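>>> let me see the structure of the following:
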Amino acid sequence: MSPLHLARRGLARSVDLLPMTPIEQLRAGRGTHRFVQLIIGLVLYGVSMAMMLRSGLGLDPWDVFHQGVQTHWGVSFGTVVIVTSFLVLLLWIPLRQWPGLGTLLNSVLIGLATDATLRFLAAPEHLVGRWGLLLGGIVANGLAGALYIGSQFGPGPRDGLMTGFARRTGRSIRLVRTSIEVTVLVLGWFLGGTVGLGTVLYAVLIGPIVQFFLPILTVRVHPPAR
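Numbering: from 1, shown residues only. Predicted coordinates:
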């Protein structure tokens, strides 16, 4: 049965994702393939965030928070993303988690790619163009997430925070993720971030999109024996 068929049936969401330490991630093989896929995924993720920003129709919870902070700080959106990423990484310390190469690159490249895209991507004047940016951004975001997760170089700072809290507290991933995202969404909204229909669509669509692409894009590796 092909990976595409498994993906459509929802049976291969994480079948090839292996729990590995940062050292094992580096030694798991197919390094060039995985590194190129990681970089493409992170850059595309930043591009997708810029697309949703320029649509003006709503952002995902973390970006609502980033935009809210930006309105009071006066720096670029990407700078807020980078600083927030490293602050979140500090929370990994009591959770006893170690960042992988993908985690560290995630903390920097996404913010840089977002700022670079915002410099030349203008906000559409017409509603049709704004909807096109929003929907295209959501699909690109899901594809980008599957690319960098599938490279198996470690989770992003925010994903690692979620899984770390779940492991330490014994609570479900769903509960921990919902709690964190609702918290940052509310904080971002109070700070002036954009909450709209796009926020709802992102919440509904991003899971199925990642589930579709992840089995196809996960690189098969063989980590060294521990």
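>>> can you check the pLDDT for I23?
Per-residue confidence (pLDDT) for I23: 85.
>>> element containing it?
Element membership of I23, judged by DSSP states H and E, is helix 22-26.
>>> next SSE downstream of the helix or strand hosting T114?
Here T114 sits within helix 101-120, counting by DSSP H and E. Once helix 101-120 ends, the next helix or strand along the chain (criterion: DSSP H and E) is helix 127-150.
>>> helix or strand right after that next one?
Helix 127-150 is succeeded, C-terminally, by helix 157-169 (DSSP H and E).
>>> center of the chain - which residue?
Compute the mean C-alpha point of the chain, and by Cα atoms, centre = their mean the closest residue is G145, 5.3 Å away.
>>> coming back round to it: so which elements touch the helix holding I23?
Secondary-structure packing of helix 22-26 (3 or more Cβ pairs under 8 Å, 6 or more residues apart in numbering; DSSP states H and E): helix 101-120. Glycine gets a C-beta too; all of them are placed from N, C-alpha and C.
>>> residues making contact with the helix it packs on?
22, 25-26, 38-39, 42-47, 49-51, 53-54, 76-82, 85-86, 89, 148, 151-157, 160 (Cβ atoms under 8 Å, 6 or more residues apart in numbering).
>>> from T103, how far off is the spatially closest residue to the residue nearest to the centre of the chain that is not a sequence neighbour?
In space, not counting the residues next to it along the chain, G145 is nearest to V210; the distance is 5.1 Å by Cβ to Cβ, 6 or more residues apart in numbering. Counting by Cβ to Cβ, to the nearest Å, the gap from V210 to T103 is 18 Å.
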